[in-house]
Structures are given as structure tokens and as C-alpha cells.
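[1] The amino acid sequence is not available; the structure is as follows:
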Ligand SMILES: Nc1ncnc2c1ncn2[C@@H]1O[C@H](COP(=O)(O)OP(=O)(O)OP(=O)(O)O)[C@@H](O)[C@H]1O
């Protein structure tokens, strides 16, 4: 897994650091207005009725706030919170033990719920629907099912891959909230809040610079803020200014669109070595000295979303914006009808991340490469 400063995935240590700035209530949660408002109605109407709300599923890329919202659900409901993850539940007995120890009104959070083992998933169905689990004792013909009651609880599931959830699982969630990438204004507000909590002095320009390089992701924004703070404390007067942000992010090799060393190497190979493509994934990976999976799973999602790379049936292609980002002129024949004069990320800090590959050529955005 990438250890880049712009990775959307957090280490366990980083999750501890994140706890300080994590919003505790719905009113502190920035952006995602639609999900926030729907949740508010769901939770507060359940509170008025005095019964648990429907089970809740949050989907979206890593670092957008799924765990934070699960914690907020428990806080708003005033219940206890149990946290686990799909891969951690190896046997259905593990899950039965958790379920039967819940108190009425508790929230059970299962992260990466799409990775839960099949027998545990089936156990979850009856717990979600009837607040009951059948624990199987013994094996073979002598096995007996012992029904156990589960206190009324709310399951909050989180997934980065909603498409991998089985139909029966998805159907048991009464509320599904999809989290979008954040735009520059939203990330700026989020960074001002984090800076206030951390006691870091910032200027508006400094914060906007960090927001524009954060790939639409709160986790990355908060991490870049901590890195720029370190730099400003060591090499400047401790204030996160535009100059401090630019200098610090140069040290970390994060460019003005939020691309790191490997992202840039992929684009440079595509444009300079392969004339803009199309080129196959494995050839591209060899050219940058990485595994194909790393290029496909770590670099490409953001390059595609930023409108810099397209996956086509014939291979990977650099868009005109990629050429321009590297200071090169795209060949006219590469993308008929595209002038290559507008870089999708030039408005970074505003529209770039507001829900997909703004500026990415539609022609190529959904096509996948046949390798
Ligand atoms: N809307 C928001 N307002 C303020 N802070 C946020 C918001 N969304 C996320 N954050 C912050 O970003 C960090 C990452 O959020 P979180 O852990 O909830 O992401 P996640 O979607 O659960 O990621 P993963 O899929 O990796 O578990 C946390 O520090 C959290 O406080």
C-alpha cells in the first residue's frame, strides 16, 4: 500500500491523530448536506418515537468520513458504540458474541462490510431483521440451532465498494448515504476548523493552497495541514501561510493538483515515453518500476478523476490536460474536438472534486482497458 502523503488510506497510528479533529455531532460535520439532512431526520424521528432507526449504510472512497458519521450516529442517538470490521469477523460465532452482548439502543459499526464472511453475513440478516440469531451448536446431523435474542440495535455499515455487497445485505439497510468528494470551499472550511482545534495559526491563502492539493479528501487535507504545520514551525514563524504551504508541499513532492511522485511518473511515462498512449497497464507499470496493481489501484483512480488519464479499450491514454500539466502541447489528433487549453484542475479548490472527474472526457471515462 502506498505510503504517500496524499494516500487516502490511514495507518492505525494516523487514526489516533485523526481523533482530535473528528467532528462529534452532526452539526460539526462539514458538507455532504444531503446525507447530513437525511440523517438528521432519520435519527431525530427515531429518537422521538423511542425506537432504533433503520440500519444505515455509508458508501464512499476512503477518508471521506464514513467512520466519523458512524460515531456521530451513536452520539446523536445517545447509545453505546461497538466497532468492528468485515475482515475481523472470521467466524459467525465471533459475530454472535458481539450481537448478543449489545445493549438496547447500541450502534454496531462494521467497517468494510463487503468483506464479511458468508456465514457471518447470513447470521447478520436475522439479527438485522428480527433481532434474533440462531447459534449452531455441534456439527453434522446432530447440530442444533439455539435461538438467542438480540437487543434492538442499529447496524451502521461502511463500504468503499458498494457494488460488492450482496443484494440481500443491501436490501436490509433502510438508509444508504453515499459520500461524495469535497470541493475546495468545503475543504477550506474543514481545514479552518481543524486548525482551530489544533491551535495552528493559518492564513486564508495558506489553507486554500492545502485544500487545492488534497484530492477532495478530508483525511488528506488534515494530513497535509499537519505536515505544513511541522514545516512552518521548524523553518518559518509557525504560521501556515501560502509560502509555507508551497515550500512544505514541495518537500513532500505534492504538486499543485495534489499529484505525488508516482502519479507524476505515470503521466510522464505516458506522455514522454509512449507519446500519450494508448499503452497497456503492465507496460506502463514496468516503465515506472511499479507493480501493475499499484498503478491501477493507487495512481489511476485519482488521475482518471482529475481528467488526466483515460482508460480505453486499447490502453491508457493521456488527456490533453495531462500534456498541459507537464508543460507539453498535446498532438491535435489525440483527442479530436478537445483543444487541450483547459486543465481540469486549474480550478482546483473549487469545482474539481465536486462529484467525479469534472472535465474528464466522457468519451473515455467509463471504458476499461482490455489487457
Ligand atoms: N465532513 C467532515 N467534517 C470534518 N472532518 C471530517 C469530515 N469527513 C472526514 N473528516 C475527517 O477526516 C478523517 C477521515 O475520516 P474517516 O475516518 O471518517 O473516513 P472514512 O471514510 O471512515 O475512511 P476509511 O474508509 O479509510 O475508514 C477524520 O479525521 C475525520 O475527522
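    Sure thing, it's come through. Being a predicted model, the structure only gives us computed values, none of them experimental.
[2] Could you use CA atoms for every contact and neighbour count after this?
    Noted.
[3] for the ligand, what are the nearby residues on this protein?
    9, 18-19, 21-23, 29-31, 62-68, 190, 218-219 (CA under 6 Å from any ligand atom).
[4] Show only the entries of these found in helices.
    18, 19, 66, 67, 68, 190, 218, 219 (DSSP state H).
[5] can you redo those residues as TSV with pLDDT and neighbour count?
    Output for these, formatted as TSV (pLDDT from 0 to 100; neighbours: other CA atoms under 10 Å):
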residue	pLDDT	neighbour count
18	85	15
19	88	11
66	97	24
67	96	20
68	97	17
190	98	23
218	97	24
219	96	23
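[6] secondary structure element for residue 301?
    helix 300-305 (DSSP states H and E).
[7] Would you mark the buried spots in that helix?
    Under the neighbour-count criterion of 16 or more other CA atoms under 10 Å, helix 300-305 has 300, 302, 303, 304, 305 buried.
[8] Need the nearest residue in space to the fourth one, chain neighbours excluded.
    To tie it back to what came earlier, the one meant is residue 304. residue 310 (5.8 Å; CA to CA, 6 or more residues apart in numbering).
[9] I'd like the next helix or strand past whatever helix or strand that neighbour lives in.
    Using DSSP H and E, residue 310 sits in strand 309-312. Note on strand 309-312: by DSSP H and E, the next helix or strand toward the C-terminus is strand 315-318.
[10] tell me the helices in the stretch 201-350 of the chain, going along the chain?
    Ranges of helices in the stretch 201-350 of the chain, per DSSP state H, counting those that start in this stretch, are 204-212, 218-235, 242-251, 261-268, 281-288, 292-294, 300-305, 320-325.
[11] Quick one: these as CSV, columns for distance to residue 58 too.
    Output for the helices of the stretch 201-350 of the chain, formatted as CSV (distance: least, CA to CA, whole Å):
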stretch, distance to residue 58
helix 204-212, 24
helix 218-235, 16
helix 242-251, 32
helix 261-268, 28
helix 281-288, 31
helix 292-294, 26
helix 300-305, 20
helix 320-325, 33
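[12] circling back: max pairwise distance over the ones in helices among the residues of the chain next to the ligand: which two?
    By the measure CA to CA, 67 and 190 form the most distant pair in those, at 16.4 Å.
[13] any weak-confidence spans in the stretch 251-371 of the chain?
    Residue ranges of the stretch 251-371 of the chain with pLDDT under 70: 333-371.
[14] do that again at 80, thanks
    332-371 (pLDDT under 80).
[15] and residue 271, what does it touch?
    277, 318, 322, 323 (CA atoms under 8 Å, 6 or more residues apart in numbering).
[16] Quick check, the residue in the stretch 51-200 of the chain closest to the ligand?
    Residue of the stretch 51-200 of the chain nearest the ligand, by CA to the nearest ligand atom: residue 65 (3.1 Å).
[17] Can you read off the pLDDT for that residue?
    Here, the pLDDT recorded for residue 65 equals 96.
[18] Next: residue 5.
    90.
[19] quick one: the helices in the stretch 51-200 of the chain?
    Under DSSP H, counting those that start in this stretch, the stretch 51-200 of the chain gives helices at 66-77, 92-100, 118-130, 167-171, 184-198.
[20] Now the two most distant members of the buried residues of helix 300-305.
    300 and 305 (8.3 Å).
[21] Please report the distance of residue 323 from residue 38.
    Distance of residue 323 to residue 38, computed by CA to CA, to the nearest Å: 42 Å.
[22] Between those two, which is the more surrounded one?
    Applying other CA atoms under 10 Å to residue 323 and residue 38 shows that residue 323 carries more neighbours, namely 24 against 13.
[23] Could you find the closest non-adjacent residue to that one?
    residue 330 (5.5 Å).
[24] try residue 92
    Among residues not flanking residue 92 along the chain, residue 120 sits closest, at 4.2 Å (CA to CA, 6+ apart).
[25] any idea how far the one you found is from residue 23?
    With CA to CA as the criterion, residue 120 and residue 23 are 31 Å apart.
[26] surely the residue nearest to residue 92 meets residue 97?
    No: contact criterion CA atoms under 8 Å: residue 120 and residue 97 do not qualify, at 11.3 Å.
[27] higher neighbour count, these two?
    In terms of neighbours (other CA under 10 Å), residue 120 is the more surrounded of residue 120 and residue 97; the figures are 18 against 11.
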